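*Asks:* Could you look at this predicted model? Sequence included:
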Amino acid sequence: MKTVEAPPPGSGGRSGSGRRKRSPEALSWAFMRLSGLALVFLALIHFSVTHIINDVVETDYDFVAERWHNPLWRLFDWALLVLALSHGVNGLRWIVDDYVRDPGRRKAVKGLLFGLTGVLMIVGTLTILAFPSRPL
Amino acid sequence: MSPASTRYKGKAGQWAFLGHRITGFLVFLFLLLHIVDVSLLRWPDTYDQVHRLYGNVVLRLFEVGLFFALLFHTFNGVRIVAVDMFPEAVRNQRRLLQAVVALTVAIGVPGGVVIMWPFIEGRIL
């Protein structure tokens, strides 16, 4: 059973043994925790900058151009893109496993999910990389 | 794995689990949309036109909802990691979930007011 919830009281062995075996699911479990902790900072800082510190209408093309003039902000946004997208797709993979029971259908749904995620990962990366380094 | 595998009598834990799933799913859907709208930066005028939509009152309410979902998912995620590191903490399951909800509301409400401010001031419809 895959779940994001903590083991019930008294069963403490699940996560421990899983980690030592280093099965793909144990890696996925660890990835969710590590990426999740990084996203606490990345996502909340991102949201604060674009919705709280600045009003959303101020974050227009010129705003992005000024911000992405600094490569560190590009790196920040790219890290957010990669971690949020992979954290999200892995979570959705668990959801598909839980609710799509038919093996054929499960495969199809996952194929669609991974395909869409892959395309968006490329689109997002190109958006950040291809952006001109000087404001037009 | 039986179909009942995602249902268990966890009370607070089960609500946390359900909330985590729903907020995670919603934030992921927004992320997909957001990657597409940001990709319009390639066409600056189109980007600015589409981006201006985010300033209207309906989408601002949507952003407040997104903020609450993000905050709940964040703090509940921290709770999960904390319980993983200190399994004893599971005894205070209910308390921990209350703290997650309290933090979400304590940060979400003032943040929501800031996002809605142009509307509250009457500058936008």
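*Replies:* Yep, it's here. Residues are numbered from 1 along each chain as shown, chains lettered A, B, ... in the order given.
*Asks:* Next one, pLDDT for residue 117 please.
*Replies:* Here I'm looking at chain A. pLDDT, A:Thr117: 97.
*Asks:* actually it's chain B I care about, not the one you picked
*Replies:* With respect to pLDDT, B:Trp117 has a value of 94.
*Asks:* got it, and the one 5 residues further on?
*Replies:* At B:Gly122, the pLDDT value in this model is 83.
*Asks:* which phi and psi does it have?
*Replies:* Main-chain dihedrals, B:Gly122, degrees, to the nearest 10: phi 90, psi 10.
*Asks:* Count residues in the vicinity of it, would you?
*Replies:* Residues lying near B:Gly122 (other C-beta atoms under 10 Å in any protein chain shown) number 7. The way it works is simple: take the backbone N, C-alpha and C, and place the C-beta from them, glycine included.
*Asks:* helices or strands next to the helix or strand hosting A:Ala30 in the packing?
*Replies:* Applying DSSP states H and E as the criterion places A:Ala30 in helix A:24-47. Judged by 3 or more C-beta pairs under 8 Å, 6 or more residues apart in numbering or on different chains; DSSP states H and E, helix A:24-47 is in contact with helix A:13-21, helix A:71-99, helix B:57-85.
*Asks:* which of the ones you listed is buried the deepest?
*Replies:* When the helices and strands packed on helix A:24-47 are scored by mean count of other C-beta atoms under 10 Å in any protein chain shown, the highest mean neighbour count falls to helix B:57-85 (a mean of 19).
*Asks:* now stretch A:111-128: how far from the chain's centre is it?
*Replies:* Using C-alpha atoms, centre = their mean, to the nearest Å, the mean C-alpha position of stretch A:111-128 is found 12 Å from that of the whole chain.
*Asks:* would JSON lines of the helices and strands packed on helix A:24-47 with distance to B:Gly108 be doable?
*Replies:* Shown next, in JSON lines, are these (distance: least, C-beta to C-beta, whole Å):
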{"stretch": "helix A:13-21", "distance to B:Gly108": "30"}
{"stretch": "helix A:71-99", "distance to B:Gly108": "19"}
{"stretch": "helix B:57-85", "distance to B:Gly108": "5"}
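*Asks:* Looking at those, spot the one closest to A:Val57.
*Replies:* helix B:57-85 (9.7 Å; C-beta to C-beta).
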